[in-house]
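Peer 1: below is the sequence, then the predicted model.
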Amino acid sequence: MKKGDYKTDKLGRVDELNDKYKVVLRNRLENSKIFSNSLHEFAEAINKKMEAQLQKDGKTATLNILKFVNSANGFEEAAFSKNNLNFDEEEVKGLEKANNELQKAYKNIAGMTVENAKKGKYKRIRF
């Protein structure tokens, strides 16, 4: 109170700015999600091209490693994309499929020989 007059507070302005901030934040999160999904799609396309090129060149060691990494990424996405670990029947089937693909890719890597690694230009020490 100043000179007998009550001054109004500025809380109305704070709420207005907070609402504007929430709108901007929501837009940026949506744009970030779109950008992230686009990068993911580009990475998948590049991986498919790399797989085709490696099969064409006969580099089985590198191809098996690439398939293993892709399978691990697929399993990670299926298993941990949710905030909770309550999966329905369809999601469990997807997890089992991703797990089987990961195991198959691991068996391909485990079955590689030094000769296969040399074809992929890996040295024995690195292999």
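Peer 2: Done, it's in.

Peer 1: drop to CA atoms for contacts and neighbour counts, all remaining ones
Peer 2: OK.

Peer 1: this structure: strands as residue ranges?
Peer 2: For the chain, strands defined by DSSP state E do not occur.

Peer 1: and for residue 110, the neighbour number?
Peer 2: 10 (other Cα atoms under 10 Å).

Peer 1: for it, give its distance to residue 65.
Peer 2: 10 Å (Cα to Cα, to the nearest Å).

Peer 1: what does residue 88 give?
Peer 2: Separation of residue 88 from residue 65 (Cα to Cα) stands at 31 Å.

Peer 1: which one of the two is surrounded by more residues?
Peer 2: Regarding residue 88 and residue 65, a neighbour count based on other Cα under 10 Å identifies residue 65 as having more, with 15 against 8.

Peer 1: and the pLDDT at the nearest residue to that one once chain neighbours are set aside?
Peer 2: In space, and not counting its chain neighbours, residue 65 is closest to residue 109: 6.6 Å by Cα to Cα, 6 or more residues apart in numbering. Looking at residue 109, its pLDDT is 81.

Peer 1: in the chain, which ranges drop under the pLDDT threshold?
Peer 2: Along the chain, segments meeting pLDDT under 70 span 1-10, 113-127.

Peer 1: can you give me the helices for it?
Peer 2: 11-57, 60-80, 89-110, 114-119 (DSSP state H).
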